[in-house]
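In: Fold the stuff below for me.
(one chain, ligands or ions: 2)
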Amino acid sequence: QISRDVTLFEMGPRDGLQNEPRPIAAGDKIRLVDLLSAAGLPKIECASFVSPKWVPQMAGSAEVMAGIARRPGVVYTGLTPNLKGYEAARAARVDEAAVFASASEGFSKANINCSVAESLERFAPVLAAAKADGIPVRGYVSCVTDCPYDGRVDPGAAAAVARALDEMGCYEVSLGDTIGAATPESTAALLAAVLDVLPVEKVALHFHDTRGRALDNIAVGLEAGVRTYDASVGGLGGCPYAPGAKGNVDTLAVADFLAARGLETGIDRAALAHAAGYARTLRENENA
Ligand code: HMG
Ligand code: MG
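Out: Ligands and ions are numbered 1, 2, ... in the order given. Prediction:
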């Protein structure tokens, strides 16, 4: 077992690809996941059990889960917006499920077609079922600093949703800068509010890099003691319900940034660069 100072949670096969307009074959996604596990990523989000009408690209998630070569110790996860999604995820043998809420009402409505309060009610039975099955559940909070529909978001609103997910039984809450608009200042304000209600060990950060501030924001997270960061191979991605949002911060850039600070991630950077090269071939613009 490699010792790690920081855990990188790989989002590429899910957050990275969910927005691609061209259908990507399950076999290609499986290859990407296997390249990522070979590169030493300890956690890989490879599936999303959402409505195929809402996110057609993720329709083949069960096939992806069935085809990957599961490396011992690697955690393979999938999004589960409701009990129907959770049941599909369990049947596909995810190691972890993930529910996703928003700190803002506008994004909640656009992304999952319900209010924030309704979404939390919908997650309760998912958490109860997962607990009975012994499957850990991660919680996401989107739009933690800025919302594409509602504008600036109060840190207290993000903290309240994070706390609700924690109380419901999520083992960790990932704070999502869905549109990549966070700054070091807004990140610090967010963390001040969230760390009032959650221990730092239960907090992860999820930055999109739309404005090139993700690494600066991660530096603020490190200063506050956050030790888990979401990132996407090759910086793939965007959210279908957050117009203009770019991909997650590039996993290799984060690994390099951490290594320069003497923080070990356990990642084989040459193997990750190879995975990133493959990931780029899956994008529409690369094939055009
Ligand atoms: P709805 O239309 O309100 O749901 O969608 P419904 O309950 O009325 O169901 C409508 C239809 O969907 C029915 O089928 C259901 O069976 C089906 P029909 O009878 O019409 O044939 N359905 C499902 N099918 C498959 N799997 C399911 C499922 N649930 C219902 N789980 C719903 C509500 C939540 C389902 C929908 O809005 C949805 O799927 N949204 C997902 C949107 C999404 O995936 N967004 C991207 C992920 S979030 C993200 O990227 C942010 C993150 O990265 C963090 C950050 O950056 O901030 C995590
Ligand atoms: Mg995201």
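In: what ranges of this protein fall below the confidence cut-off?
Out: In the predicted model, the chain carries pLDDT under 70 at residues 1-2, 284-288.
In: which one's the longest helix in it?
Out: If you go by DSSP state H, the chain has its longest helix at helix 116-133.
In: so how far is that helix off the chain centroid?
Out: Offset of helix 116-133 from its chain centre (CA atoms, centre = their mean, to the nearest Å): 18 Å.
In: Repeat that for stretch 76-87.
Out: Using CA atoms, centre = their mean, the offset of stretch 76-87 from its chain centre is 14 Å.
In: Packing partners of the longest helix of the chain?
Out: If contacts are counted by 3 or more CB pairs under 8 Å, 6 or more residues apart in numbering; DSSP states H and E, helix 116-133 sits against helix 83-91, strand 96-102, helix 105-112, strand 137-142, helix 155-168. C-betas here are computed from N, CA, C, even on glycine.
In: can those go into a markdown table with extra columns for distance to ligand 1?
Out: Shown next, in a markdown table, are these (distance: least, CB to the nearest ligand atom, whole Å):
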| stretch | distance to ligand 1 |
| --- | --- |
| helix 83-91 | 3 |
| strand 96-102 | 5 |
| helix 105-112 | 4 |
| strand 137-142 | 3 |
| helix 155-168 | 11 |
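In: Quick one: the strands in the stretch 151-288 of the chain, in order.
Out: For the stretch 151-288 of the chain, the strands defined by DSSP state E, counting those that start in this stretch cover 151-152, 172-177, 203-207, 228-231.
In: returning to that earlier point: got JSON lines for the helices and strands packed on helix 116-133, with mean neighbour count and distance to Asp250 too?
Out: Formatted as JSON lines, the helices and strands packed on helix 116-133 follow (neighbours: other CB atoms under 10 Å; distance: least, CB to CB, whole Å):
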{"stretch": "helix 83-91", "mean neighbour count": "19", "distance to Asp250": "27"}
{"stretch": "strand 96-102", "mean neighbour count": "26", "distance to Asp250": "21"}
{"stretch": "helix 105-112", "mean neighbour count": "21", "distance to Asp250": "24"}
{"stretch": "strand 137-142", "mean neighbour count": "26", "distance to Asp250": "20"}
{"stretch": "helix 155-168", "mean neighbour count": "21", "distance to Asp250": "24"}
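In: Just put these in JSON lines and tack on distance to Val6.
Out: Shown next, in JSON lines, are the helices and strands packed on helix 116-133 (distance: least, CB to CB, whole Å):
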{"stretch": "helix 83-91", "distance to Val6": "26"}
{"stretch": "strand 96-102", "distance to Val6": "18"}
{"stretch": "helix 105-112", "distance to Val6": "28"}
{"stretch": "strand 137-142", "distance to Val6": "17"}
{"stretch": "helix 155-168", "distance to Val6": "20"}
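In: Quick check: which of the ones you listed is nearest to Ala270?
Out: Comparison of those against Ala270 by CB to CB identifies strand 96-102 as nearest, at 27.7 Å.
In: Quick one: residues contacting the residue in the chain that ligand 1 sits nearest to.
Out: Per CB to the nearest ligand atom, Gly176 is where the chain lies closest to ligand 1, at 2.4 Å. When contacts are counted by CB atoms under 8 Å, 6 or more residues apart in numbering, Gly176 touches Tyr140, Val141, Ser142, Cys143, Val144, His206, His208, Asp230.
In: Closest one to His274 out of these, please.
Out: Of these, the one sitting nearest to His274 (CB to CB) turns out to be Asp230, at 21.0 Å.
In: Residue numbers of the protein in contact with ligand 1?
Out: 15, 18, 48-51, 54-55, 79, 81-82, 84-85, 100, 111-113, 140, 142, 176, 178, 206, 239, 241 (CB under 6 Å from any ligand atom).
In: Kindly state the beta-bridge partners for the closest residue to Ala181 other than its chain neighbours.
Out: Take Ala181 and drop its neighbours on the chain: the residue closest to it by CB to CB, 6 or more residues apart in numbering is Asp146, 3.8 Å away. Counting by DSSP bridges, Asp146 forms beta bridges with Arg152.
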